[in-house]
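Chemist: Quick one, what's the 3D model for this:
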Amino acid sequence: MALVKSTLPEPARRIAGDALQNTLVDLLGLSLIGKQAHWNIVGPRFRSIHLQLDEVVDLTRAHADTVAERCAALGLPPDGRPETVAAAYALPGPKEGWLRDTEVVQLIVDSLQAAVERLRERVAATAEPDPVTQDLLIAVTGDLEKERWMFDAENWPRDGA
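Modeler: This next block holds a predicted model:
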């Protein structure tokens, strides 16, 4: 028996819960790679990217909290334990050691792009069973797309552009 009763019927709760749990893992993982890159970045754009990474970390941590609380509100215990995140995280991550500023920018662009693609699938999956969860996921997607754009702009000028 669930300790917290859900307002959703079980099939809808399951779909929303899966979408929220997977998003929680992605957000916590993004916050960790953001901090790892923040600590290990080197290069001429160190300071600006170092500070920009903290913005991503703060954003992903705030969204992780909102996502976890939505999960709990649906009667599902959110799982942000390190072993859960490590086992389920599927986005690109940094290599060990120092990271060139250009590597960090591309890593964050790639990680945010992958997260957005996964979120868009969850947005579609939750449209019918739980529009409230869908709305939350839409907001997260929009914020991550904005961060992706801001980091991608660091890649200019590109060859041939």
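
Chemist: Quick one: the helices in the protein, in order.
Modeler: 10-40, 46-73, 82-88, 101-126, 131-152 (DSSP state H).

Chemist: Residue 4 is nearest to which of those helices?
Modeler: Proximity to residue 4 (C-beta to C-beta) singles out helix 46-73 among the helices of the chain, at 6.5 Å. Quick note: C-beta positions are derived from backbone N, CA and C, even for glycine.

Chemist: returning to that earlier point: for the helices of the chain, give me JSON lines that also has distance to residue 4.
Modeler: Listed next are the helices of the chain as JSON lines, based on distance: least, C-beta to C-beta, whole Å:
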{"stretch": "helix 10-40", "distance to residue 4": "11"}
{"stretch": "helix 46-73", "distance to residue 4": "7"}
{"stretch": "helix 82-88", "distance to residue 4": "19"}
{"stretch": "helix 101-126", "distance to residue 4": "19"}
{"stretch": "helix 131-152", "distance to residue 4": "15"}
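
Chemist: and of those helices, who's closest to residue 3?
Modeler: helix 46-73 (9.9 Å).

Chemist: Could you list every helix and strand in contact with that closest one?
Modeler: Here helix 46-73 touches helix 10-40, strand 41-42, helix 101-126, helix 131-152, going by 3 or more C-beta pairs under 8 Å, 6 or more residues apart in numbering; DSSP states H and E.
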